[in-house]
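K.L.:
Fold the following and give me the result.
(chains A and B)
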Protein chains: 2
Amino acid sequence: MVQTFKFSNASTDFYFNSSFNQLKNITDKRSAIIVTDENVFNAHKNKFKGYNCIVLKPGEEFKIQSTVDSVIETLIKMQADRKSVLIGVGGGVITDLTGYVASVYMRGISFGFIPTSILALVDASIGGKNGIDVGLYKNLVGIIRQPSFILHDVSLLHSLPQGQWENGFAEIIKHACIKDATMFKQLQNTSLQDYLKKKNLLTELIKRNALIKIRVVQKDEFEKGDRRLLNFGHTLGHAIETQYEVLHGQAISIGITYACHISEQLSGFNKTEQVINLLEQYNLPTYAAFNRKKVFEVLRMDKKRIKKEMNFVLLQNIGKGVVQPVELKKLEKIIYSLNI
Amino acid sequence: MVQTFKFSNASTDFYFNSSFNQLKNITDKRSAIIVTDENVFNAHKNKFKGYNCIVLKPGEEFKIQSTVDSVIETLIKMQADRKSVLIGVGGGVITDLTGYVASVYMRGISFGFIPTSILALVDASIGGKNGIDVGLYKNLVGIIRQPSFILHDVSLLHSLPQGQWENGFAEIIKHACIKDATMFKQLQNTSLQDYLKKKNLLTELIKRNALIKIRVVQKDEFEKGDRRLLNFGHTLGHAIETQYEVLHGQAISIGITYACHISEQLSGFNKTEQVINLLEQYNLPTYAAFNRKKVFEVLRMDKKRIKKEMNFVLLQNIGKGVVQPVELKKLEKIIYSLNI
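P.N.:
Numbering: from 1, shown residues only, chains lettered A, B, ... in the order given. Model prediction:
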């Protein structure tokens, strides 16, 4: 069943709890061009039969302009035109990159996503933020444009390595922290194994998180207000991610940990321990040593910085995030002073 | 005086018949970053004093991704943030490229234009089409996003080489052909020298043409209908431009010539001679030998192609253009058969 959600300039059809096989009913096979990576392609070869496919090397290190260039060259060779539809089948790297290419090829063609990781299902595929990394700076180049459709098929998760499950739960815990105290409790009372074993439990959790993200984006697509909340844990997280060999979710988990401590000082938050315990319950790292100087150099180029201030996301309570401008110098001082 | 024109998602402030010096009243000098080329920079050095400037090599051959990459690197070094405003000062290459970079840097920052060529004043700077060329394919990559402002200062035209004047008049004659029979007559009764000598005559003509383009774009920003008319002469023109060393206006003029002859066959147009005479009156080339096979190969990748058809712009009368889908094969046949 399809549910359509309107955004400011476009709408997206969501096929929750659906199946890859439905794709042929959504787009004409002759117009469809699938963009995926080698891991996903090899794990689900049968599903791709009869589709035009562009298969990329896997990994965030390929979410860069030279990959965009090569996809565009392939589209030219395939004689892709304005009626072609790009379909990103993969994790966040694939959806970010596919959406970006589709947004600029011939000044914009249609695109849709079939996310194959928890992280992409609950977060990366939703909200229209597309783009690539430039050097150390994550998502420095990109645009906001909504996909025509997003199709959920949780059976695709079977090929997901264990670490990638936890990776996705970092964003789920983030949603709970900023918006959903009830889900926070539910996560406390459930285990990763439960979600792995019980398909209903998992599809419910994915849909609940997708809806949280959809509603935030609907209210504030261009990130002037509420959408900034979704950056909880991401300011420091992104900076750590570019400096160390960690997964996005791991970096975000460390970012959340620090953001809780910073919240204690700036907004009187007093439930850091509960958040830390939940992150650890889902095998996510919390306290980590990092080179503060290096991380701060990257943080200075964060898109959320305006001159000498940074819009930083704090918690007031579990389920209640707030955005507050903090001077870079002050932020630096707090982070250096945290003896954790 | 500023006139604001609304488009679907944004509006643009037009400062007709204004002066470069007004720029400081439009944007904060500290947020402004000017993008220009060596020719324009050297011709107007004094005007740029006190501004952050990115100076590019001049020419269409640099309207490519590697230039975009280098501008983005410079923006990072300058610590440009979301409050930065890019200002493209130059011809169509500079405005296309500046608008594109601004549209993707940090997922979109503000931008404005100060066009320094007739062509950019009456056409290229208006309507939000930004982008770059890919190999032989003009504007294959880009997006549609409106500038915050466009400032006209015709005194900047003094440094324009003669060939560039005629280049711009090709688009003016195009506007007359598709939309404005009165202006067509006016152009017949005036000479290029008149426009060169009389500033009032020139600023009136520029404003009239800017308004034609603005109104077409307002009605149909995303080119589903009327905006396609602006492609009159451009289908063949673009294909010729990528194959031969000619200016855009010269290629368009040849494209207009052929489009008139094609109109004779497909829409009963019977004033080809008047159009040819006007183009020649403004020193523009009309009949030109070109390698039809090579040009057709490029034409096949035109963004206006959908599968085996092409939306082609024909004239029914002077001042009355129409869009008609034409099969590629038919188009090819007519072009090969034209003994001109």
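K.L.:
and the residue nearest in space to the middle of chain A, what does it touch?
P.N.:
Taking Cα atoms, centre = their mean, the centroid of chain A lies closest to A:Ala124, which sits 2.8 Å from it. Taking Cβ atoms under 8 Å, 6 or more residues apart in numbering or on different chains as the criterion, A:Ala124 is in contact with A:Gly91, A:Gly92, A:Thr95, A:Asp96, A:Pro115. Backbone N, C-alpha and C define where each C-beta goes, glycine included.
K.L.:
Repeat that for A:Asp194.
P.N.:
A:Leu201.
K.L.:
quick one, helices of chain A?
P.N.:
If DSSP state H is used as the criterion, the helices of chain A fall at A:23-26, A:38-43, A:65-77, A:92-104, A:118-119, A:162-179, A:181-188, A:192-197, A:199-219, A:234-243, A:248-267, A:272-281, A:292-299, A:328-337.
K.L.:
For those helices, give me TSV that also has mean pLDDT.
P.N.:
Shown next, in TSV, are the helices of chain A (pLDDT from 0 to 100):
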stretch	mean pLDDT
helix A:23-26	97
helix A:38-43	96
helix A:65-77	97
helix A:92-104	98
helix A:118-119	96
helix A:162-179	95
helix A:181-188	98
helix A:192-197	94
helix A:199-219	96
helix A:234-243	90
helix A:248-267	95
helix A:272-281	98
helix A:292-299	85
helix A:328-337	89
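K.L.:
and of the ones you listed, who's closest to B:Gly59?
P.N.:
helix A:65-77 (20.6 Å; Cβ to Cβ).
K.L.:
ok and the closest one relative to helix A:92-104, angle-wise?
P.N.:
Orientation check (axes from the mean of the first three to the mean of the last three Cα atoms, to 10 degrees): helix A:65-77 against helix A:92-104 gives 50 degrees.
K.L.:
mind checking the end-to-end distance for stretch A:26-38?
P.N.:
24 Å (Cα to Cα, to the nearest Å).
K.L.:
how about it, does it reach chain B?
P.N.:
No - judged by Cβ under 8 Å from any Cβ of the partner chain, stretch A:26-38 stays clear of chain B, getting no closer than 9.1 Å.
K.L.:
same question, stretch A:237-251
P.N.:
No - against chain B, stretch A:237-251 shows no contacts by Cβ under 8 Å from any Cβ, the least distance being 13.2 Å.
K.L.:
what does that stretch rub up against?
P.N.:
With contacts defined as Cβ under 8 Å, 6+ apart, stretch A:237-251 is touched by A:60, A:92, A:119, A:133, A:136-138, A:163-164, A:166-171, A:252-256, A:284-285, A:288, A:290-291, A:294-296, A:298-299, A:302.
K.L.:
Could you work out the end-to-end span of that stretch for me?
P.N.:
5 Å.
K.L.:
Can you report how many residues neighbour the closest residue to chain B within the stretch 151-300 of chain A?
P.N.:
Of all residues in the stretch 151-300 of chain A, the one sitting closest to chain B is A:Arg300 (7.5 Å; Cβ to the nearest Cβ). The number of residues packed near A:Arg300 is 14, by other Cβ atoms under 10 Å in any protein chain shown.
K.L.:
residues contacting the closest residue to it other than its chain neighbours?
P.N.:
Closest residue to A:Arg300 in three dimensions, ignoring its sequence neighbours and counting by Cβ to Cβ, 6 or more residues apart in numbering or on different chains: A:Leu328, at 6.8 Å. Residues in contact with A:Leu328 (Cβ under 8 Å, 6+ apart) are A:Leu299, A:Arg300, A:Arg305, A:Lys308, A:Glu309, A:Met310.
K.L.:
Repeat that for A:Thr12.
P.N.:
Neighbouring residues of A:Thr12 by Cβ under 8 Å, 6+ apart: A:Thr4, A:Phe5, A:Gln146, A:Pro147, A:Ser148, A:Phe149, A:Ile150.
K.L.:
Throw together a PyMOL command that grabs the buried residues out of those residues.
P.N.:
PyMOL command restricting the contacts of A:Thr12 to the buried ones, with burial defined by 16 or more other Cβ atoms under 10 Å in any protein chain shown:
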select buried, chain A and resi 5+146+147+148+149+150
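K.L.:
will you turn the contacts of A:Thr12 into JSON lines that also has distance to A:Ile212 and pLDDT?
P.N.:
Formatted as JSON lines, the contacts of A:Thr12 follow (distance: Cβ to Cβ, whole Å; pLDDT from 0 to 100):
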{"residue": "A:Thr4", "distance to A:Ile212": "18", "pLDDT": "96"}
{"residue": "A:Phe5", "distance to A:Ile212": "12", "pLDDT": "96"}
{"residue": "A:Gln146", "distance to A:Ile212": "17", "pLDDT": "97"}
{"residue": "A:Pro147", "distance to A:Ile212": "18", "pLDDT": "98"}
{"residue": "A:Ser148", "distance to A:Ile212": "22", "pLDDT": "98"}
{"residue": "A:Phe149", "distance to A:Ile212": "19", "pLDDT": "98"}
{"residue": "A:Ile150", "distance to A:Ile212": "15", "pLDDT": "98"}
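K.L.:
and which of the contacts of A:Thr12 is nearest to chain B?
P.N.:
Distances from chain B to those, taken by Cβ to the nearest Cβ, are shortest for A:Gln146, at 12.9 Å.
K.L.:
Next, that closest one: phi, psi?
P.N.:
Per-residue torsions, A:Gln146: phi -80, psi 140 (degrees, to the nearest 10).
K.L.:
do you know how far it is from B:Gly108?
P.N.:
14 Å (Cβ to Cβ, to the nearest Å).
K.L.:
that older thread, I'd like the helices of chain A as a markdown table, with distance to B:Ala181 appended.
P.N.:
Listed next are those as a markdown table, based on distance: least, Cβ to Cβ, whole Å:
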| stretch | distance to B:Ala181 |
| --- | --- |
| helix A:23-26 | 47 |
| helix A:38-43 | 58 |
| helix A:65-77 | 39 |
| helix A:92-104 | 38 |
| helix A:118-119 | 59 |
| helix A:162-179 | 60 |
| helix A:181-188 | 66 |
| helix A:192-197 | 70 |
| helix A:199-219 | 48 |
| helix A:234-243 | 58 |
| helix A:248-267 | 60 |
| helix A:272-281 | 71 |
| helix A:292-299 | 60 |
| helix A:328-337 | 60 |
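K.L.:
Nearest to B:Phe20, out of these?
P.N.:
That would be, of the helices of chain A and by Cβ to Cβ, helix A:92-104, which comes in at 30.9 Å.
K.L.:
other SSEs contacting that closest one?
P.N.:
Packed against helix A:92-104 by the contact rule (3 or more Cβ pairs under 8 Å, 6 or more residues apart in numbering or on different chains; DSSP states H and E) you find strand A:32-37, helix A:65-77, strand A:85-90, strand A:110-115, strand A:129-134, strand A:137-144, strand B:137-144.
K.L.:
Please tabulate those in a markdown table, including the columns distance to B:Ser263 and mean neighbour count.
P.N.:
Listed next are the helices and strands packed on helix A:92-104 as a markdown table, based on distance: least, Cβ to Cβ, whole Å; neighbours: other Cβ atoms under 10 Å in any protein chain shown:
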| stretch | distance to B:Ser263 | mean neighbour count |
| --- | --- | --- |
| strand A:32-37 | 35 | 24 |
| helix A:65-77 | 30 | 17 |
| strand A:85-90 | 34 | 28 |
| strand A:110-115 | 32 | 27 |
| strand A:129-134 | 41 | 23 |
| strand A:137-144 | 38 | 22 |
| strand B:137-144 | 23 | 22 |
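K.L.:
Switch the ones you listed over to TSV; also include distance to B:Val101.
P.N.:
As requested, the helices and strands packed on helix A:92-104 are arranged in TSV below (distance: least, Cβ to Cβ, whole Å):
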stretch	distance to B:Val101
strand A:32-37	24
helix A:65-77	12
strand A:85-90	23
strand A:110-115	22
strand A:129-134	12
strand A:137-144	9
strand B:137-144	11
